[in-house]
Structure formats: C-alpha cells, structure tokens
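*Asks:* Any chance you could fold what I've pasted below:
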Amino acid sequence: MERKVKELTLLLLYLTSWKEEELQELFGETRRSWKGYPFDILDELTDEDFIRGSKRSKSVYLTKAGIKEAKEIAKKYQIQDI
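*Replies:* Residues are numbered from 1 along each chain as shown. This next block holds a predicted model:
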C-alpha cells in the first residue's frame with residue numbers, strides 16, 4: 001500500500017505541476033509543483049531523486065527521472081493525455 005501511495009503522490013505532483021519556462025533553455029523540461037503532501041512521502045521521493053527542493057520552500061521541482069516515472073505511472077493507471 002505504501003508503494004501505491006508514493007506512486008500516486010508522484011503522479012499528483014506531476015499532474016498539478018507547471019512548466020518553468022525561463023529554466024527550460026538551461027535544463028530542458030522543468031516542472032514545479034506545490035508540496036501539499038505528507039512530508040515522509042516527499043522525503044522518500046527526494047531520496048529516490050524524483051523531486052528536489054529545499055525543506056523551507058513551498059514547492060518542489062520534478063527531476064527528469066521524476067517526470068519519466070510519473071509518465072510511466074500514468075500509463076499504468078491508464079491516464080491519457082498528459
């Protein structure tokens with residue numbers, strides 16, 4: 001169950017994220033999301049390098065690996081058009 005919660009949290013972070021246009025030229029696709037989810041799950045996603053951000057900020061960046069994983073999870077749950 002914990003694995004599913006972590007998967008769905010990453011998926012929600014991705015689905016509610018927005019593109020940071022000014023960083024796109026430097027880093028490629030850069031997505032940011034508010035971190036309104038349990039901190040223990042966010043810490044695990046940070047440890048797995050799916051998201052990054054300071055403990056003091058209210059938002060996180062999804063890494064390239066995080067974006068890729070979120071898209072795979074969306075396919076798993078048959079979520080279209082993302």
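
*Asks:* For stretch 39-58, what does the pLDDT average out to?
*Replies:* With pLDDT averaged residue by residue, stretch 39-58 scores 94.

*Asks:* count of neighbours near residue 54?
*Replies:* For residue 54, the number of neighbouring residues by other CB atoms under 10 Å comes to 8. (C-beta placed from N, C-alpha, C; glycine too.)

*Asks:* ok, it - contacts?
*Replies:* By CB atoms under 8 Å, 6 or more residues apart in numbering, no residues touch residue 54.

*Asks:* Against residue 61, how distant is it?
*Replies:* 10 Å (CB to CB, to the nearest Å).

*Asks:* again with residue 79
*Replies:* Using CB to CB, one obtains 21 Å as the distance from residue 79 to residue 61.

*Asks:* which one of those two has more residues nearby?
*Replies:* residue 61 (19 against 14).

*Asks:* is it true that the more buried one lies in a strand?
*Replies:* Yes - judged by DSSP: H, G, I helix; E, B strand; the rest coil, residue 61 forms part of a strand.

*Asks:* Pretty sure residue 30 is one of the things it touches, is it not?
*Replies:* Yes - under the criterion of CB atoms under 8 Å, residue 61 makes contact with residue 30 at 6.5 Å.

*Asks:* so what sits against both of these two?
*Replies:* In contact with both residue 61 and residue 30: residue 20, using CB under 8 Å, 6+ apart.

*Asks:* For the closest residue to residue 29 other than its chain neighbours, which residues are in contact?
*Replies:* Among residues not flanking residue 29 along the chain, residue 67 sits closest, at 6.3 Å (CB to CB, 6 or more residues apart in numbering). Going by CB under 8 Å, 6+ apart, residue 67 touches 14, 29, 31.

*Asks:* Now do the helices in the chain.
*Replies:* Per DSSP state H, the chain has helices spanning 2-15, 21-27, 39-47, 64-76. These are given in chain order.

*Asks:* looking at the ones you listed, which one has the lowest mean pLDDT?
*Replies:* helix 21-27 (a mean of 61).
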